[in-house]
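Colleague: need the 3D shape of this:
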Amino acid sequence: MVKISFSKFLQVQFVTVHLSCFSSFSLFSLLLPEF
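Modeller: Below is the predicted model:
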């Protein structure tokens, strides 16, 4: 049980990090359209 919940927690952290990176990258490309 503990291992499953820990794996789930890591998966959620992974998705959250990727989403924040993607949103910051899209914001960056919006601010700099010449790139």
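Colleague: from now on I want contacts and neighbour counts done on CA atoms only, so please keep to that.
Modeller: Will do.
Colleague: show me where pLDDT drops low in this structure?
Modeller: Counting by pLDDT under 70, the chain has low-confidence residues at 1, 34-35.
Colleague: quick one: the strands in the chain?
Modeller: Secondary structure of the chain (DSSP state E): no strands located.
Colleague: can you give me the helices for the protein?
Modeller: Remark: helices assigned in the chain by DSSP state H are 2-31.
Colleague: can you count the residues close to residue 26?
Modeller: For residue 26, the neighbour count with other Cα atoms under 10 Å is 12.
Colleague: distance of it from residue 7?
Modeller: 29 Å (Cα to Cα, to the nearest Å).
Colleague: and for residue 13?
Modeller: 10 Å.
Colleague: what's the answer for residue 19, then?
Modeller: From residue 19 to residue 7 the distance is 18 Å (Cα to Cα).
Colleague: then residue 18?
Modeller: For residue 18 relative to residue 7 (Cα to Cα), the value is 17 Å.
Colleague: what does residue 28 give?
Modeller: Using Cα to Cα, residue 28 is found at 31 Å from residue 7.
Colleague: same check on residue 29?
Modeller: Counting by Cα to Cα, the gap from residue 29 to residue 7 is 33 Å.
Colleague: equivalent analysis for residue 24, please.
Modeller: Counting by Cα to Cα, the separation of residue 24 from residue 7 is 26 Å.
Colleague: can you check residue 30 too?
Modeller: 35 Å.
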